[in-house]
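Colleague: let's see this in three dimensions:
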Amino acid sequence: MLTTTTHRLRAVALCGAALLLSTGCGQGHGHTPQQLSEMIADTVRDAAASGPLGLGVPDTLFDPARYACSPAVDPGLPGGWRSEAPREAVQDEDPVELGLSDAEGAHSGQVAATVTGPSGENSTAEAGTSDGGWARLDYPDAFDGAEELTTGVYTVVWSDAGTGAPITCDGFEVE
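Modeller: Coordinates of the predicted model:
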């Protein structure tokens, strides 16, 4: 039920909102939409150039129960990408073989695998692919600065070594 008090409160609220919009929002930021777009693009380019290779997908984690990463990695390169990692938990004394292949054979060149360990440390290594062949890397042996295997889940993000474009995500578990 509307009363005289309700109408006055609405009128005061409307006048307050109009005053705020006309003073605070009326100042503007002084940039055109084109300038804002260029500023955003520069920021993204700077972040990509300064970040470590292969980390184009932040906060991606492998879930060994689903054999999938969350959030999923959308490939930045066309192709029929397949990855390999152990599907059963491995022991901490043996190196882990990781693999990547383009079944369509559209990509040849260097790819990078960035492995994130259970404690959040990252290490990256590169391998070559050609004509649908497999790029293979042993973790931790082929990865500079990689720590010894410890119990937990490891996330592997594959990317193009030249551009940093993400390709796919995989992972494995160590007992």
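
Colleague: pull out the buried positions in stretch 124-135.
Modeller: For stretch 124-135, burial by neighbour count (16 or more other C-beta atoms under 10 Å) applies to 124, 125, 126, 127, 129, 132, 134, 135. Where C-beta positions appear, they are placed from N, C-alpha and C, glycine not excepted.

Colleague: next: stretch 166-175.
Modeller: Of the residues in stretch 166-175, those with enough neighbours to count as buried (16+ other C-beta under 10 Å) are 166, 167, 168, 169, 170, 171, 172, 173, 174.

Colleague: in stretch 68-86, what's buried?
Modeller: Applying a neighbour-count criterion of 16+ other C-beta under 10 Å, the buried positions in stretch 68-86 are 69, 73, 75, 77, 79, 81, 83, 85, 86.

Colleague: quick one: which of these is nearest to residue 106?
Modeller: Here the nearest of the buried residues of stretch 68-86 to residue 106, counting by C-beta to C-beta, is residue 79; it sits at 4.7 Å.

Colleague: per-residue pLDDT, the closest one?
Modeller: pLDDT for residue 79: 87.

Colleague: got the contact list for it?
Modeller: Residue 79 makes contact with 102, 103, 104, 106, 107, 167 under the criterion C-beta atoms under 8 Å, 6 or more residues apart in numbering.

Colleague: again with residue 129
Modeller: Residues counted as contacts of residue 129 (C-beta under 8 Å, 6+ apart) are 100, 101, 102, 107, 108, 109, 110, 111, 135.

Colleague: neighbours of the residue lying closest to residue 79 once chain neighbours are set aside, how many?
Modeller: Counting by C-beta to C-beta, 6 or more residues apart in numbering, residue 79 lies nearest to residue 102, which is 4.0 Å off, once chain neighbours are set aside. A count of nearby residues for residue 102, using other C-beta atoms under 10 Å, gives 24.

Colleague: which strand residues bridge residue 102?
Modeller: Bridge pairing for residue 102 (DSSP bridges) gives the partners residue 81.

Colleague: surely it is in contact with residue 81?
Modeller: Yes: under the contact definition of C-beta atoms under 8 Å, residue 102 touches residue 81, with a separation of 5.9 Å.

Colleague: now the strands: where do they sit in the protein?
Modeller: Along the chain, the segments classed as strands by DSSP state E run 61-63, 68-70, 81-84, 96-102, 109-116, 122-129, 134-139, 152-160, 166-174.

Colleague: for residue 33, find the nearest of these.
Modeller: strand 166-174 (28.4 Å).

Colleague: with just CA atoms, put the closest one into PDB.
Modeller: Output in PDB follows, covering the C-alpha atoms of strand 166-174 (Å, rounded to 0.1, in the frame of the first residue of the first chain):
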ATOM      1  CA  PRO A 166      47.500 -22.400 -24.600                       C
ATOM      2  CA  ILE A 167      46.900 -25.800 -26.200                       C
ATOM      3  CA  THR A 168      45.600 -28.200 -23.600                       C
ATOM      4  CA  CYS A 169      45.800 -29.200 -19.900                       C
ATOM      5  CA  ASP A 170      46.500 -32.600 -18.400                       C
ATOM      6  CA  GLY A 171      48.000 -33.900 -15.200                       C
ATOM      7  CA  PHE A 172      49.000 -36.800 -13.000                       C
ATOM      8  CA  GLU A 173      49.000 -37.900  -9.400                       C
ATOM      9  CA  VAL A 174      52.000 -39.100  -7.300                       C
END
